[in-house]
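[1] model the following, please.
(one chain, ligands or ions: 1)
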Amino acid sequence: MNKLFVISGSSGVGKGTVIKKLLQSNNSIKLSVSTTTRKPRDGEIHGEHYFFVEKEDFLKSVDNDEFIEWAEFSGNCYGTKKEFVENTLKNGQNVLLEIDTQGALQIKEKLPETVLIFIAPPSIEELKKRLIGRGTETEEAIKKRLSCVENEQKNSKYYDYTVINDTVENAVLKLEEIFDKENQN
Ligand code: 5GP
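    Next up, the predicted model:
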């Protein structure tokens, strides 16, 4: 099958961990690597976690219409390259995007058959605890990211599915069920 799936969720919700597990057990899904102007965190690799670029180069790609969607999130730009998505779908494979809710809604408008999945935390308190506990962001950046949560939850109303990440195992099982169901349609 060749379907486009999008997973979104607020910073700290644990979507990275859930997606990693999902991909380990499911090799029919290809994850798109996004382009960003954000600086790499410790351990992040260019071409594997993101394509890290300068803002000038990002804007050139915007002008050249290379992105299927892009958005500014918490002071940085993030975008999905069209080429990978189109070629992978053409080759008959499922594509997964891990992008924010603004980008997801842009995709849904262009390609309504896209399956949007929102990963939600068990509670906002738990989300804050996870984001602070992750230790990858400054206090300033954490505040900025938490200020996006309300809007993300509003946008999640337009999603096809919401999966609560209470435990990684439960969330992965629910995602597998969604992928199986959607691939039968
Ligand atoms: P982070 O800086 O924590 O890696 O990502 C911040 C946010 O940007 C997350 O919500 C993530 O899903 C989103 N994001 C990552 N890549 C893309 C992309 O290509 N497009 C859009 N719109 N959002 C993205």
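[2] what's the closest non-adjacent residue to the residue in the chain positioned nearest to the ligand?
    Nearest residue of the chain to the ligand: G103, at 2.4 Å (Cβ to the nearest ligand atom). Bear in mind the C-beta positions are built from the backbone N, C-alpha and C, glycine included. Spatially, and ignoring its direct neighbours in sequence, G103 is nearest to E69 (4.2 Å; Cβ to Cβ, 6 or more residues apart in numbering).
[3] for the one you found, what are its contacts?
    Going by Cβ atoms under 8 Å, 6 or more residues apart in numbering, E69 touches 79-80, 99, 103-104, 106-107, 110.
[4] kindly recompute the last result at 10 Å.
    Listed by Cβ atoms under 10 Å, 6 or more residues apart in numbering, the contact partners of E69 are 6, 34, 78-80, 82, 85, 97, 99-100, 102-111.
[5] buried among the residues you listed? Make that a PyMOL selection.
    Entered in PyMOL, the line below selects the buried ones among the contacts of E69, by 16 or more other Cβ atoms under 10 Å:
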select buried, resi 6+34+78+79+80+85+97+99+100+102+103+104+105+106+107+108
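[6] thinking again about what came up before, which residues sit in contact with the residue of the chain closest to the ligand?
    Listed by Cβ under 10 Å, 6+ apart, the contact set of G103 reads 6, 8, 34, 67-71, 73, 78-80, 97.
[7] re earlier: among the contacts of E69, which are in strands?
    If you go by DSSP state E, the contacts of E69 have 6, 78-80, 97 in strands.
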